[in-house]
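Novice: Below is the sequence, then the predicted model.
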Amino acid sequence: MYHKWLDRWDERRARRGEEGKHATDFALDAELAFPGAGTVRSIEEFCALADKALADQSFFERPNEVDQGFQRQGEWLKFPSDITTDVEENNTVWAKITESGSLDHALVVFHHWNARARNSQLARFLSRRGITVVEIAMPYHFERSRPGSTYADYMLSPNIGRTIQSIRQAVLDGRKLVHWLKSEGYGEVSVLGMSLGSWVGGLIAAHDPAVSKASVFLTAGSLADMIWTGRATRSIRDSLETNLDLSDLRRAWAPINLENFAHRLARRDLALHVVLAKRDKVVLPELSERLMQKLTTAGARPDIMSLSCGHYSLAIPPYILLAGLSLKQFLSPALV
């Protein structure tokens with residue numbers, strides 16, 4: 001009876017999340033995903049470029065290793081993104097810093113798609129326990145929102161080239177921030193990603209040895225499968241499926257599929273923490289399980305917590321309390 005109520009609660013929350021969303025047109029826009037690609041007219045041509053990007057070790061490398069342009073104003077930090085888009089507001093990265101008073105440990109937080117506010121409760125909770133929390137704005141969110149938009153439609157959309165660009169931009173922005181924190185003297189830097197943010201956090205952890213711990217909530221490997229099957233992305237699928245099938249999308253988005261980087265996430269000096277929802281209708285449990293199997297096969301030993309809630313109901317007690325305590329223990333086992 002309780003779980004039926006919980007499922008209904010999640011469905012109501014999902015419907016609220018659909019408010020303001022609308023179907024947008026399918027587009028390849030390969031030049032956005034793969035700079036220098038030129039004109040691409042077919043999904044087959046696009047997928048060939050995606051194959052090359054997946055094999056390219058430098059695809060998620062920062063173009064400029066010199067960290068310039070950082071400006072700190074109280075609890076706010078801003079710096080230029082290494083990727084320039086046609087939305088001026090999106091080209092400046094903003095982050096909110098909640099200081100702990102210690103340089104021992106910093107945590108960079110990547111929020112979920114269409115987040116409306118940063119997580120001040122989490123930031124206060126961890127900062128009081130010695131961890132400085134840095135909440136970055138992902139592309140087209142918060143201070144980086146596209147003027148006139150009602151949701152972050154440029155971050156995740158049926159424009160498959162721009163979606164890759166947005167994820168890649170988020171990864172490069174995050175890596176730039178991680179290295180700035182190290183230059184500021186932080187001994188340990190970890191990442192936390194929630195839902196769509198878990199793809200970003202996971203890709204950063206896979207490519208940046210400066211990250212020592214990665215926690216991912218409500219995650220999976222294949223963004224293509226998540227879009228195709230998830231409750232929150234039906235409007236995107238509606239636009240996609242008249243132009244391509246799931247196998248095409250999987251290949252097109254292979255460069256942002258965490259399953260393809262399981263071997264990197266299995267590096268010995270990276271600790272992994274995963275929180276999943278058994279009743280998730282946005283990121284289906286079978287997709288999460290597929291990633292966990294890939295990680296295990298690659299040699300990773302993730303600390304996995306699986307809760308009997310849905311995607312949205314993870315945010316309510318008791319689930320959020322259990323997840324928060326698990327996160328605290330993972331980040332610093334000595335914390336009390």
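Specialist: Ah, there it is.
Novice: switch to C-alpha atoms for all contacts and neighbour counts from now on
Specialist: Noted.
Novice: Would you double-check that V109 falls in a strand?
Specialist: Yes. Per DSSP: H, G, I helix; E, B strand; the rest coil, V109 lies within a strand segment.
Novice: For it, grab the count of nearby residues.
Specialist: Neighbours of V109 under the rule other Cα atoms under 10 Å: 28.
Novice: nearest residue to A115 other than its sequence neighbours?
Specialist: In space, and not counting its chain neighbours, A115 is closest to H141: 7.3 Å by Cα to Cα, 6 or more residues apart in numbering.
Novice: Now do the contacts for the one you found.
Specialist: N114, A115, A152 (Cα atoms under 8 Å, 6 or more residues apart in numbering).
Novice: Let me have these in CSV, adding pLDDT as columns.
Specialist: Output for those, formatted as CSV (pLDDT from 0 to 100):
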residue, pLDDT
N114, 95
A115, 95
A152, 95
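Novice: which one of the residues you listed is nearest V178?
Specialist: A115 (21.5 Å; Cα to Cα).
Novice: now the longest helix along the chain, how far from the centre of its chain.
Specialist: In the chain, assigned by DSSP state H, the helix with the most residues is helix 160-183. In terms of Cα atoms, centre = their mean, to the nearest Å, the centre of helix 160-183 is found 10 Å from the chain centre.
Novice: Please name every helix or strand in contact with it.
Specialist: Judged by 3 or more Cα pairs under 8 Å, 6 or more residues apart in numbering; DSSP states H and E, helix 160-183 is in contact with helix 30-33, strand 105-110, strand 188-194, helix 196-207.
Novice: so how far is C309 from L287?
Specialist: 16 Å (Cα to Cα, to the nearest Å).
Novice: Looking at these two, which has the bigger crowd around it?
Specialist: Counted by other Cα under 10 Å, L287 and C309 do not tie: C309 has more neighbours, with 21 against 17.
Novice: My read is that the more buried one contacts R8, right?
Specialist: No. Taking contacts as Cα atoms under 8 Å, C309 lies outside contact range of R8: 11.3 Å.
Novice: Which residue ranges of the chain form strands?
Specialist: Secondary structure of the chain (DSSP state E): strands located at 71-73, 76-80, 92-98, 105-110, 132-136, 188-194, 211-217, 271-277, 303-307.
Novice: just to revisit the earlier point, which of the helices and strands packed on helix 160-183 sits closest to E89?
Specialist: Among these, the nearest to E89 by Cα to Cα is helix 30-33 (17.3 Å).
Novice: Just the C-alphas of that closest one, formatted as PDB.
Specialist: The C-alpha coordinates for helix 30-33 follow below in PDB (Å, rounded to 0.1, in the frame of the first residue of the first chain):
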ATOM      1  CA  ALA A  30      27.500  17.700 -35.700                       C
ATOM      2  CA  GLU A  31      29.600  20.800 -35.700                       C
ATOM      3  CA  LEU A  32      28.500  21.600 -32.200                       C
ATOM      4  CA  ALA A  33      29.500  18.100 -31.000                       C
END
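Novice: quick one: low-confidence parts of the stretch 201-336 of the chain?
Specialist: 333-336 (pLDDT under 70).
Novice: In a markdown table: the helices and strands packed on helix 160-183, plus distance to A232.
Specialist: Below are those laid out as a markdown table (distance: least, Cα to Cα, whole Å):
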| stretch | distance to A232 |
| --- | --- |
| helix 30-33 | 23 |
| strand 105-110 | 18 |
| strand 188-194 | 15 |
| helix 196-207 | 11 |
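Novice: how close does V171 get to F261?
Specialist: 14 Å.
Novice: what residues are shared contacts of those two?
Specialist: L203.
Novice: Comparing those two, which residue is more hemmed in?
Specialist: More crowded of V171 and F261, by other Cα under 10 Å: V171, with 27 against 21.
Novice: got a list of what S145 touches?
Specialist: For S145, the contact set (Cα under 8 Å, 6+ apart) comprises E89, N90, P139, A152.
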